[in-house]
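Engineer: Just to be clear, the model below is a prediction. Sequence and coordinates:
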Amino acid sequence: WGGPFQPHVQMVASGMGALAWVSVASPALYVGEVLNSVPALSDKISALGGRHAEFAGLYRDLLRGLLAYVKEHHGSGVHWNPAGEEAA
């Protein structure tokens, strides 16, 4: 698939792997590696200016926010409730 938004689709696809952080032993490291894979495409999109640059920046911010959340709450992995009680 081609077209003017191909770099946008590629950037989003490359960042979607970060959603698998719940299944890895070192989630913060994993999300950080995914975040490091985004700049090449992000820079290419940002060079288009305007709303393209805004989109690329917001997507990077989204991944940075996910990384901050994972570091703060699940730095050593997801902690499931071993008692099996309701979370709410």
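Structural biologist: Nice, thanks for sending it over.

Engineer: what ranges do the helices span in this structure?
Structural biologist: All helices of the chain, identified by DSSP state H, fall at 6-16, 27-37, 39-46, 50-74.

Engineer: pLDDT of the longest one, averaged?
Structural biologist: The pLDDT scores in helix 50-74 average 95.

Engineer: relative to helix 39-46, how tilted is that helix?
Structural biologist: Here helix 50-74 points in a direction 150 degrees away from that of helix 39-46 (axes from the mean of the first three to the mean of the last three Cα atoms, to 10 degrees).

Engineer: got the buried residues for helix 50-74?
Structural biologist: 52, 55-56, 59-60, 63, 66-67, 70 (16 or more other Cβ atoms under 10 Å). In this view, the C-beta of every residue, glycine as well, is placed from N, C-alpha and C.

Engineer: between these, which is closest to Pro27?
Structural biologist: Val70 (4.9 Å; Cβ to Cβ).

Engineer: Was I right to think that closest one contacts Leu19?
Structural biologist: No: the pair Val70 and Leu19 does not pass the contact test of Cβ atoms under 8 Å, sitting 11.0 Å apart.

Engineer: List the contacts of the residue most central in space within the chain.
Structural biologist: Centroid check for the chain by Cα atoms, centre = their mean gives Leu63 as the closest residue, at 3.5 Å. If you count contacts by Cβ atoms under 8 Å, 6 or more residues apart in numbering, Leu63 has them with 15, 18, 31, 34-35, 38.

Engineer: quick one: which of those residues has the most company?
Structural biologist: Within these, neighbour counts (other Cβ atoms under 10 Å) peak at Val31, which reaches 26 neighbours.

Engineer: need the contact list for it.
Structural biologist: Applying Cβ under 8 Å, 6+ apart, the residues near Val31 are 18, 21, 63, 66-67, 70.
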